[in-house]
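Enquirer: coordinates only, sequence not included:
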């Protein structure tokens, strides 16, 4: 009785990467490359009429972001497992891919064994990472080291207005305070959150759930 071969596709804008992956995976008795594509659009057309068990997906493509493509794939073919295979190691991209339904994330410097193991883990319904990505994910992010600063009720009020894009003059008028008082509260907030500007202030406060 012949062994079932899982149908695989590769989406990468570098033909040499595609050829390397094809050669690597050709030796796996339970895997079969049924299509390779250099654009996301080509793959979506293929996916409409073909079963794909696993797709190796690059993030940087000429026509669509792999992050957005991942979401489209999962909507069109929920049974298809998506494994990101990328040179990008930013935590934000990893989390975006996972949020959009990816079953795993690997860097292109992963070993052959890491790749093959990750493919099989994805097929088993597991979330999987290459070793280097696992290390990145296990390292606490800078904001995770920060404790929420103790701020007053008035500072929280001003912080929320800052996040809404309100000006110093506007806050002074709506809160019946002087502009000098507003600026003092603003400086105190920057100091308490240990940030240099308002953009960083809003970013940290949002990540910590202090402002929506």
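Expert: Sure, I can see it. What you are looking at is a predicted structure, and each value in this text was computed from that prediction instead of being measured.

Enquirer: pretty sure residue 154 sits against residue 185.
Expert: Yes: in this structure residue 154 lies within contact range of residue 185 using CB atoms under 8 Å: 6.6 Å. (Each C-beta comes from the backbone N, C-alpha and C, glycine too.)

Enquirer: which one of these two is surrounded by more residues?
Expert: residue 185 (22 against 13; other CB atoms under 10 Å).

Enquirer: residue 10 belongs to a strand, doesn't it?
Expert: Yes: going by DSSP: H, G, I helix; E, B strand; the rest coil, the assignment for residue 10 places it inside a strand.

Enquirer: excluding its backbone neighbours, what's nearest it?
Expert: Computed as CB to CB, 6 or more residues apart in numbering, the closest residue to residue 10 that is not its neighbour in sequence is residue 36, at 4.4 Å.

Enquirer: list of residues touching the host helix or strand of that neighbour?
Expert: Secondary structure from DSSP states H and E places residue 36 in strand 31-37. Strand 31-37 is contacted by residues 5-12, 18, 21-22, 25-26, 43, 46, 50, 52, 119 when judged by CB atoms under 8 Å, 6 or more residues apart in numbering.

Enquirer: okay, and which of those map to helices?
Expert: 18, 21, 22, 25, 43, 46, 119 (DSSP state H).

Enquirer: any idea which of those residues is closest to residue 138?
Expert: The nearest member of the ones in helices among the contacts of strand 31-37 to residue 138, counting by CB to CB, is residue 119 at 21.9 Å.

Enquirer: measure the closest one to residue 159 for me?
Expert: 46 Å (CB to CB, to the nearest Å).

Enquirer: neighbour count: those two, which is higher?
Expert: residue 119 (25 against 21).

Enquirer: which non-adjacent residue is nearest the residue most central in space within the chain?
Expert: Ranked by distance to the mean C-alpha position of the chain (CA atoms, centre = their mean), the top residue is residue 96 at 2.3 Å. Distances taken as CB to CB, 6+ apart put residue 67 closest to residue 96, at 5.0 Å, once the chain neighbours are dropped.
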